[in-house]
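Trainee: Need coordinates for the following:
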Amino acid sequence: MKDFPVIISFYTLDTPYQIEVQNLIASCEKYGLETSIEGVESMGSWELNCAYKPYYILRKVLDEKRPVLWVDADGVFQREPSCEDWLSSDLAVRTEPDVSDTHPSKVISSTVYCNPTQKGIDLVISWAKTSQNQLLDPMRQGEFWDQTALRDAILDNPMEAKVASLPLSYAKIFDHPGDLAAVKDPVIEHYQASRRYKKLIER
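Mentor: Residues are numbered from 1 along each chain as shown. Okay, the predicted model is just below:
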């Protein structure tokens, strides 16, 4: 599809994600979307694999030198996307308006847009550093989520990057009651493969 960002993702080799991602690839082909999707070796745990996401996005936006749209490997395009207003932002991600800034689901990082602007790149670098700090925090008690690291990087944002909120139609969870009620015709639907597969990745 002309003028739409290249779709990027990775999946862990020799895991069920390698099969799951085929649905994403097929849906991109259906709508003529350019892709750059790679298999990578597992980092050793589900958390470590998640923490690799901002590093991967950074590498891709620098390599491609054009806008990229990250979609988790369990995502599927259900209809053709359009050139939305958020494409002019430095970064765009789904932010939930009805929860507090401290809520772990304030930011939903299953779909993330990054423009190759300096502010967009700097914000992804901040996300990567925040992920590393949170993952390695000796006082950490809960499970690491890359979306909470992105939330914190966005809240900090000293470079004042322009961050847009993606419509829910770009980050719908297939069985979430609120998402089901709010979005009948999603662009991207996510199938929450981590529920099924995270325990299969050795910790």
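
Trainee: got the phi/psi numbers for Ser110?
Mentor: Note on Ser110: its backbone torsions stand at phi -70, psi -30 [degrees, to the nearest 10].

Trainee: Could you count how many residues lie near it?
Mentor: 25 (other Cβ atoms under 10 Å). Every residue, glycine included, has its C-beta placed from N, CA and C.

Trainee: wait, doesn't it sit right on Ala73?
Mentor: No: look at Ser110 against Ala73 with Cβ atoms under 8 Å: they stay out of range, at 9.9 Å.

Trainee: From Ser88, how far off is Phe144?
Mentor: Distance, Phe144 to Ser88, by Cβ to Cβ, to the nearest Å: 32 Å.

Trainee: try Arg59
Mentor: In terms of Cβ to Cβ, Arg59 sits 23 Å off from Ser88.

Trainee: got it, and Leu48?
Mentor: Leu48 is 34 Å from Ser88, by Cβ to Cβ.

Trainee: and if you look at Ser9?
Mentor: Distance from Ser9 to Ser88, by Cβ to Cβ: 23 Å.

Trainee: The two - which one has more neighbours?
Mentor: Comparing Ser9 with Ser88 by neighbour count (other Cβ under 10 Å), the higher total belongs to Ser9, at 25 against 13.

Trainee: what residues are up against that one?
Mentor: Val21, Leu24, Thr35, Ile37, Glu38, Trp70, Val71, Asp72, Ala73, Gly75 (Cβ atoms under 8 Å, 6 or more residues apart in numbering).

Trainee: would you say it is within a strand?
Mentor: Yes: membership of Ser9 in a strand is supported by DSSP: H, G, I helix; E, B strand; the rest coil.

Trainee: The nearest residue to Leu166 once chain neighbours are set aside pairs with what?
Mentor: Excluding the flanking residues, the one nearest Leu166 by Cβ to Cβ, 6 or more residues apart in numbering is Arg94, at 4.5 Å. Counting by DSSP bridges, Arg94 is bridged to Ile108.

Trainee: just the helices in the chain please.
Mentor: 17-30, 46-51, 53-64, 118-136, 146-156, 177-182, 193-197 (DSSP state H).

Trainee: Which one of the ones you listed lies nearest to Ala171?
Mentor: Among the helices of the chain, helix 177-182 comes nearest to Ala171, with 8.4 Å by Cβ to Cβ.

Trainee: per-residue confidence averaged over that closest one?
Mentor: Helix 177-182 shows a mean pLDDT of 54.

Trainee: could I get the helices of the chain as TSV with mean neighbour count?
Mentor: Converted to TSV, those look like this (neighbours: other Cβ atoms under 10 Å):
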stretch	mean neighbour count
helix 17-30	17
helix 46-51	20
helix 53-64	19
helix 118-136	19
helix 146-156	21
helix 177-182	12
helix 193-197	16
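
Trainee: how far away is Leu48 from Ser82?
Mentor: Applying Cβ to Cβ to Leu48 and Ser82 gives a distance of 35 Å.

Trainee: my bad, Ser27
Mentor: Taking Cβ to Cβ, one finds Ser27 at 16 Å from Ser82.

Trainee: just to revisit the earlier point, give the full set of residues in contact with the residue nearest to Leu166.
Mentor: Arg94 touches Val107, Ile108, Ser110, Thr111, Ser165, Leu166, Pro167, Leu168, Tyr170, Ala171, counting by Cβ under 8 Å, 6+ apart.
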